[in-house]
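Asks: Build the 3D model from these lines:
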Amino acid sequence: MDEQVTEAEETTTPTVGLPNDNSPAMVILNLENLIRTHLTSIDTMEDELKKHSDMLNDIFENDPTYKEHAEKSKEASRVKTNTKLQILKQPQAAELDSKVKTFKSELGDTKAALADYVREYARLSGLTEITGDDGEIREIVYTAKLVKKAS
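Replies: The predicted structure follows:
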């Protein structure tokens with residue numbers, strides 16, 4: 001008995017220009033959609049937060065006891081600030097204040113430079129960890145955020 005094998009042509013509808021569900025283009029489109037959805041959600045939440053915060057602040061401002069304590073607190077804060085300024089006029093305090101500001105500035109600059117070096121190290125080496133002089137292994141992590149583009 002001779003068996004006849006017939007090959008059926010596979011008929012598929014071409015999807016020219018339509019990415020499949022797992023394609024990088026589809027993943028990017030899905031991510032963009034998630035980003036837009038979350039941005040909208042964040043804007044809505046921020047609006048609601050502001051509205052409710054304003055309502056809560058109104059309750060505080062309309063309470064006489066709170067108002068009285070807030071005024072006393074403001075006065076105490078003014079006295080504290082003036083006292084601090086007077087102390088900073090002393091030579092020893094002024095010198096230390098200047099040193100603290102210098103150290104903070106240098107620390108910020110050094111951290112910014114480190115971030116650049118780490119980014120370049122990871123790019124060139126392909127590694128995501130580095131061992132410090134203290135023997136501690138540190139992982140390279142990145143933080144991403146969205147900011148409105150200046151027009």
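
Asks: tell me how far the top helix by length along the chain is from the chain's mean position?
Replies: Among the segments of the chain that qualify as a helix by DSSP state H, the longest is helix 24-61. In terms of Cα atoms, centre = their mean, to the nearest Å, the centre of helix 24-61 is set 15 Å apart from its chain centre.

Asks: could you give me the average pLDDT of that helix?
Replies: Taken as a whole, helix 24-61 carries a mean pLDDT of 94.

Asks: List of residues touching the helix or strand following it?
Replies: Downstream of helix 24-61, the next assigned helix or strand under DSSP states H and E is helix 64-88. The contact list for helix 64-88, computed with Cβ atoms under 8 Å, 6 or more residues apart in numbering, reads Phe60, Glu61, Ala93, Ala94, Asp97. Glycine gets a C-beta too; all of them are placed from N, C-alpha and C.

Asks: try 10 Å
Replies: Outside helix 64-88, the residues that touch it by Cβ atoms under 10 Å, 6 or more residues apart in numbering are Ile59, Phe60, Glu61, Asp63, Ala93, Ala94, Leu96, Asp97, Ser98.

Asks: Compute the number of surrounding residues for Val118.
Replies: Val118 has 15 neighbouring residues, counting by other Cβ atoms under 10 Å.

Asks: That one: what's it in contact with?
Replies: Ile130, Arg138, Ile140, Val141, Tyr142.
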